[in-house]
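K.L.:
I would like to see how this sequence folds:
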Amino acid sequence: MVSLGRILVADDEPKIRSFVGRALNAAGYDTDFADDGTMVLRVARENHYDLVILDLVMPEVDGRQALRELLAARPGQPVIVLSCVADVPAKVEMLELGAQDYLTKPFALAELIARVKARLRAEPTHPSGEVIRAGGVALDVSHMIADIGRGPVSLTKLEFLLLRELMDHVGESVSKTRLLASVWGYDCDPGSNVIDACIRRLRSKLGFDLIKTVRGEGYQLIAR
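P.N.:
Numbers count the residues shown, from 1 in each chain. Just a heads-up that it's a prediction; the model follows:
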């Protein structure tokens with residue numbers, strides 16, 4: 001059987017590691033494991049992982065610090081936080097640090113697998129050197145680089161997909177439901193503020209007046 005991807009499962013609870021690992025293997029993924037933050041950083045730097053599933057409460061280096069250091073070393077590393085810490089500020093903090101998703105314990109295994117598949121779905125192919133323009137933004141599709149006239153800015157996969165969706169509908173309000181479906185692959189709101197956190201990161205990189213919040217509807221890339 002051809003592997004669909006390699007995933008690092010980081011959790012200090014052996015039962016969780018075993019439970020999640022068996023499910024991922026059954027779904028077609030290869031898995032490695034880490035039981036503390038120090039090990040997460042070591043193995044993630046030594047190996048390539050298509051995804052890291054990361055607990056926050058771990059010995060040695062906790063998950064928060066591990067996430068910071070991991071993304072500093074590998075800015076494009078996809079990470080799903082899987083934690084018993086359920087408060088909204090913790091979720092927002094991790095998403096703003098760069099985690100792509102946040103799922104709280106206890107969790108439904110089917111939902112975790114669905115989120116993993118959404119993160120690792122196949123990327124569309126693009127002609128080399130393709131650049132699209134809308135709303136004063138030039139987007140290098142092949143390299144996921146945006147430019148609003150101040151120089152090139154590298155984007156993560158999710159930032160790129162979100163910006164492209166807004167560019168495809170420049171001047172229009174794009175609903176959160178549409179963004180969740182087109183960017184994250186969800187057919188319902190997972191309730192983890194993933195869109196809001198990604199929008200904040202785009203604004204911090206490209207300008208706070210570039211994307212307008214349309215209250216009660218969604219977001220809009222301002223036409224320029």
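
K.L.:
thinking Leu155 is in contact with Leu163, fair?
P.N.:
Yes: when contacts are counted by C-beta atoms under 8 Å, Leu155 is listed as touching Leu163 (6.7 Å). Using the backbone N, CA and C atoms, a C-beta is placed for each residue, glycine as well.

K.L.:
Give me the common contacts of these two.
P.N.:
Common neighbours of Leu155 and Leu163, counting by C-beta atoms under 8 Å, 6 or more residues apart in numbering, are 146, 202.

K.L.:
looking at the chain, which helix or strand does the model trust least?
P.N.:
Using mean pLDDT, DSSP states H and E, the weakest-scoring helix or strand in the chain turns out to be helix 88-97, at a mean of 83.

K.L.:
can you list the domain ranges for this protein.
P.N.:
6-119, 131-221 (automatic domain parsing).

K.L.:
what residues are up against the residue most central in space within the chain?
P.N.:
Closest residue to the average C-alpha location of the chain: Gln100 at 2.1 Å, with C-alpha atoms, centre = their mean. Contact criterion C-beta under 8 Å, 6+ apart gives 78-80, 119, 156-158, 194 as the residues in contact with Gln100.

K.L.:
where in this structure is pLDDT low?
P.N.:
Applying pLDDT under 70 to the chain flags the ranges 1-2, 121-129, 186-192.

K.L.:
Please, where are all the helices along it?
P.N.:
14-26, 37-46, 63-73, 88-97, 109-119, 157-168, 176-179, 194-206 (DSSP state H).

K.L.:
To Met144, which of those helices lies closest?
P.N.:
Nearest of the helices of the chain to Met144, taken as C-beta to C-beta: helix 157-168 at 4.2 Å.
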